[in-house]
Every structure is written in C-alpha cells, then in structure tokens.
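Undergrad: need a structure here:
(one chain, ligands or ions: 2)
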Amino acid sequence: MLIILRPDASSSDRDRVVALIGSLGYTAQTIAGGQRDAVAVVGNDGRVDAARFSALPGVDEVIQITRPWRMVAREWRPEPTVVALPGGRSIGGPEVLVIAGPCSVESEAQIFATARAVQAAGAGALRAGAFKPRTSPYAFQGLGRAGLELLAAVRRETGLLIVTEAMDEEGLEQVASVADIVQIGARNMQNYALLKRAGRSGKPVLLKRGMSASLADLLLSAEYVLSEGNPDVILCERGIRGADPSTRNLLDLSAIPAVKSLSHLPILADPSHGTGKRALVPAMARAAVAAGADGLLIEVHAHPDEALSDGAQSLYPEQFALLMEELRGIAAVVGRRIP
Ligand code: PEP
Ligand code: MN
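TA: Residues are numbered from 1 along each chain as shown. Ligands and ions are numbered 1, 2, ... in the order given. Here you go, the predicted model:
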C-alpha cells in the first residue's frame, strides 16, 4: 500500500501516517518526491485497511498494491485447482463439465424425464433447485425437502451427480446431505454467514457471481469459503445487470479469462441466466467454452413450455443434445474435452 501525501502536507501529517503504520505492526518507508511525498507500507499482507489512512489530514490518496485476497489468488497457488467429484469426474482439469437440468424440481415425472434426457446427451451432472430464490414472493418457491428427496432418487437411479442450491444456513445441511455440489446463488453471493457455513460443509461449492458484483467482490466471497477450510470452490459467471432489456442479464464472458489470470479456482459460465432467452443460449455456451470456461450450467427442461420457472431460457432436450455435439468440437479445438 502506498499512501500519497498532499503537496501541502506538513511534517506532522507525515509523522502521523508513519506512526500509524508502525502501530499496525508494519514498516513505513517514506519516499520523497519532487512535489509530494509518499509513504509505503512494507510487509502488508493484504490486511491493512486503506480507510485507516484515506481520511487522515495531509493524505491525498491511498494506492492498494497488495490484493485484498490471498487463498484464492493465483500468486499464492499458481497451479489450477481441480475439484474432484464422485465417479471420477472433476472441474478445473482437462474436462469441461456440462451441468444441465431444469431451473426447479417440479415433479417426479419432470425431474426423471429431464435427468434422463441430459444424461443421454452427455451431461456430467444434473442441476435443479429444490429451494428457489425467486424475485417475487408469489412465484413458485420450489418443492423444498420433497424436491431434495426426488434429487436423491435421481442420483440413485441414474448415477448423475447432483447440484442444487442452499438458500440459508438452516437449509445448508439438508442440501449438503444430497448434493454433490452445493450451489450458492447470485442473490446470496455476499451472505457471509452462509459462505462460512458452506466452508465447513465438506462439499464443493458452486458460487455464482452477484448481479452487480465486481470480480474482486466475487473472489473475496470465495475467500470466505476457502478460509473456513474448504478449497473446493467453483466460480460461476451468470451475467450482471446490464442497461439493455433485450437480454435478462449481460453475460460477462471476459470474466472467464480475467478470473483465470487472478485466481486458480475453476470458473463456469451460465448462459441460461446470462441471456434469459433460449435462442441465445447455444451461441453463448459455445463462446464460453472457447473463452476457457471449465464447465457450463445450462437449463434444460423435458417440456419447457410447461416449466414452473425459467421455461423461456430452458433448452428443449433435442436442442441440448445438438449443442453437446457442437461443444465437443469446440472443446477439442481449445485443448479440452467433453466425455
Ligand atoms: C438458478 O441457478 O436457478 C438461479 C436462481 O440462478 P442465479 O442465482 O444466478 O440467479
Ligand atoms: Mn433458473
């Protein structure tokens, strides 16, 4: 951290900055400039709070040099994190894992029909919500515990891995008892109590980017999970709020290489919530694999026109099967594979 002093800062302003750095346990190094001086905090491990300095008399600006996150940083761990999953699957290695399924578990017939369709097309995991974070309290909220039981039955009968969302601390244990990967949704990305609990769940965590979260916010949320002892965090770009209502969200594909340069954690793309429109999903899914995504989250429904949530962005099974073929071709071009 570099604390830049104003040209009119007095020597006592400078001495106060130097003393505060010392009292925090770091070494201050004063750098004399032509017009203004600066004081560097030497030994900062990312924990020094810039706000302690920014409003002191004589301080012009504070420049953060050390990143505020540690455990998620690629600087800290250069090799990529590969999250091992049951059945020999993984996320973050050469394989691109395609996770597909309906937005919500709606009924036994619906979830089994959809699971079989995505499995036949080659999806590696089924994703469906039993607990749904809906924007309106009057919208379908999910089947809850009954939905989890249906997911457990799907897992037993098909062997598909299960990804499903935990919305709160009380529900997390129930979800973790069924899920192979626990999803934390966009609306909960900064629910720090939930993140900490997920860090102690013993299950990989799929952490979706919040609707207006910066990549720094996303990485700091992941840091919460890692700092509780769970290294298995999978990030997910699902689109951020844009200005144009033509798409539901603005799918930020540049986040994929950007996160990869900052962090060793794997990152998936969710072109379904990212666009909100079925017709746009295949192109964005292909683009995400080309951009280096470690996997995809795609909404597929056996009968999208009857879906209780997110039908408009859910692919028909045939569309999904065709997309899987295309994705295999793209994965091969970028040195990855989709089994
Ligand atoms: C979902 O995955 O179904 C969902 C609600 O997504 P998000 O949290 O990204 O809005
Ligand atoms: Mn959905």
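
Undergrad: where's Pro80 relative to Val118, distance?
TA: 26 Å (Cβ to Cβ, to the nearest Å). The way it works is simple: take the backbone N, C-alpha and C, and place the C-beta from them, glycine included.

Undergrad: Settle it for me: which of these two has more neighbours?
TA: Val118 (29 against 15; other Cβ atoms under 10 Å).

Undergrad: Tell me the secondary structure of that one, please.
TA: Taken by DSSP: H, G, I helix; E, B strand; the rest coil, the conformation at Val118 corresponds to helix.

Undergrad: tell me the contacts of it?
TA: Residues in contact with Val118, defined by Cβ atoms under 8 Å, 6 or more residues apart in numbering, are Ala100, Gly101, Leu126, Leu160, Val300, Pro317, Phe320.

Undergrad: Reformat those as a markdown table; add secondary structure and distance to ligand 1.
TA: Shown next, in a markdown table, are these (DSSP: H, G, I helix; E, B strand; the rest coil; distance: Cβ to the nearest ligand atom, whole Å):
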| residue | secondary structure | distance to ligand 1 |
| --- | --- | --- |
| Ala100 | strand | 12 |
| Gly101 | strand | 10 |
| Leu126 | strand | 13 |
| Leu160 | coil | 17 |
| Val300 | strand | 12 |
| Pro317 | helix | 18 |
| Phe320 | helix | 16 |
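
Undergrad: ok, and the most crowded of the residues you listed?
TA: Note: the member of the contacts of Val118 with the most neighbours is Ala100, at 32 neighbours, neighbours being other Cβ under 10 Å.

Undergrad: Just grab the bridge partners of it for me.
TA: With DSSP bridges applied, the residues forming beta bridges to Ala100 are Leu126, Ile298.

Undergrad: Could you pick out the residues of the chain near ligand 1 for me?
TA: Cys103, Gly129, Pro133, Gly185, Ala186, Arg187, Lys208, Arg238, His273 (Cβ under 6 Å from any ligand atom).

Undergrad: Show only the entries of these found in helices.
TA: Filtering the residues of the chain next to ligand 1 for membership in helices, criterion DSSP state H, returns His273.

Undergrad: From the residues of the chain next to ligand 1, which one has the minimum pLDDT?
TA: Of all those, the one the model is least sure of by pLDDT is Pro133, with 90.

Undergrad: what's it in contact with, if anything?
TA: Shown here is Pro133, whose contacts under the criterion Cβ under 8 Å, 6+ apart are Glu165, Met167, Gly185, Arg187, Asn188.

Undergrad: my read: the second one touches Gln183, true?
TA: No - no contact is recorded between Met167 and Gln183 when judged using Cβ atoms under 8 Å, the distance being 9.6 Å.

Undergrad: who has more neighbours, these two?
TA: Summary of the neighbour comparison: Met167 and Gln183, criterion other Cβ under 10 Å, with Gln183 having more neighbours (25 against 22).

Undergrad: And the more buried one, which helix or strand is it part of?
TA: strand 181-184 (DSSP states H and E).

Undergrad: Enumerate every residue touching the residue in the chain that ligand 1 sits nearest to.
TA: Of the residues in the chain, the one nearest ligand 1 is Gly185, at a distance of 2.9 Å by Cβ to the nearest ligand atom. Contact analysis of Gly185 by Cβ under 8 Å, 6+ apart lists Pro133, Glu165, Met167, Lys208.

Undergrad: And the helices in the protein?
TA: Counting by DSSP H, the chain has helices at residues 11-23, 51-54, 108-121, 145-158, 169-178, 192-199, 215-227, 255-262, 271-275, 281-290, 317-333.

Undergrad: Check which residues of the first one are buried.
TA: To tie it back to what came earlier, the one meant is helix 11-23. Asp13, Arg14, Arg16, Val17, Val18, Leu20, Ile21 (16 or more other Cβ atoms under 10 Å).

Undergrad: Any idea how far it is from the middle of the chain?
TA: In terms of Cα atoms, centre = their mean, to the nearest Å, the centre of helix 11-23 is found 40 Å from the chain centre.

Undergrad: tell me the mean pLDDT over that helix?
TA: Within the predicted structure, the mean pLDDT of helix 11-23 is 96.

Undergrad: Against which helices or strands is that helix packed?
TA: Secondary-structure packing of helix 11-23 (3 or more Cβ pairs under 8 Å, 6 or more residues apart in numbering; DSSP states H and E): strand 2-5, strand 27-31, strand 38-42, helix 51-54.

Undergrad: Then the last one?
TA: Packing partners of helix 317-333 (3+ Cβ pairs under 8 Å, 6+ apart): strand 97-101, helix 108-121, helix 281-290, strand 295-299.

Undergrad: With distance to Pro7 as extra columns, can I get the ones you listed in a markdown table?
TA: As requested, the helices and strands packed on helix 317-333 are exported to a markdown table (distance: least, Cβ to Cβ, whole Å):
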| stretch | distance to Pro7 |
| --- | --- |
| strand 97-101 | 55 |
| helix 108-121 | 64 |
| helix 281-290 | 49 |
| strand 295-299 | 52 |
